[in-house]
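**Q** output the structure for:
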Amino acid sequence: MTERSQIATSFLPLPGSAPVEWRIESGLTAYPDALAMMEARAEAIRSGAAGEMVWLVEHPPLYTAGTSARIEDLIEPDRFPVFAAGRGGEYTYHGPGQRVAYVMLD
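**A** Numbers count the residues shown, from 1 in each chain. From the prediction side, this is the model:
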């Protein structure tokens, strides 16, 4: 297989591997609770104690702040809680009715 072909198919599961679990939360999930769950699941996946998962959630109104976020860019900085997200970019609003997909793969 050529290198390009390997790259194009390297995301496919290995034959016989477990299917990715899909979980859909029915209510709002607090952002700190979501982070704690994802950290625990990522560790469980790493150790082989749990399988891969795609988790669909909605959060109460909040902003996540990427590494380029500057507090002066928020028009009303006290309107919603702000959480450092450890990702690139600036601010992202999350709230009811906006589903977020958290993908936890090995």
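**Q** sketch out the strands for the protein, chain order is fine.
**A** Ranges of strands in the chain, per DSSP state E, are 21-28, 53-58, 62-65, 82-84, 91-94, 100-104.
**Q** just the CA trace of the third one, in CSV.
**A** Looking back up the chat, that one is strand 62-65. The C-alpha atoms that make up strand 62-65 are tabulated as CSV, following Å, rounded to 0.1, in the frame of the first residue of the first chain:
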residue,chain,number,x,y,z
LEU,A,62,-21.1,29.6,28.5
TYR,A,63,-18.1,30.6,26.6
THR,A,64,-15.0,28.5,26.0
ALA,A,65,-11.8,30.4,25.6
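**Q** so what's the gap between that strand and the chain middle?
**A** 13 Å (CA atoms, centre = their mean, to the nearest Å).
**Q** what's the answer for the second one, then?
**A** Shown here is strand 53-58, whose average C-alpha point lies 8 Å from the average C-alpha point of the whole chain (CA atoms, centre = their mean).
**Q** packing partners for that strand?
**A** Here strand 53-58 touches strand 21-28, helix 31-47, strand 100-104, going by 3 or more CB pairs under 8 Å, 6 or more residues apart in numbering; DSSP states H and E. C-betas here are computed from N, CA, C, even on glycine.
**Q** coming back round to it: quick one, which of the strands of the chain is packed in tightest?
**A** Comparing the strands of the chain by mean neighbour count (mean count of other CB atoms under 10 Å), strand 62-65 comes out on top with a mean of 20.
**Q** for the record, mean pLDDT for that strand?
**A** Averaging pLDDT along strand 62-65 gives 96.
**Q** given it, what are its sheet partners and their directions?
**A** Using DSSP bridges, the neighbouring strands of strand 62-65 in the sheet come out as strand 82-84 (parallel), strand 91-94 (antiparallel).
**Q** quick one: contacts of that strand?
**A** Strand 62-65 is contacted from outside by 31, 74, 80-85, 87, 90-95, using CB atoms under 8 Å, 6 or more residues apart in numbering.
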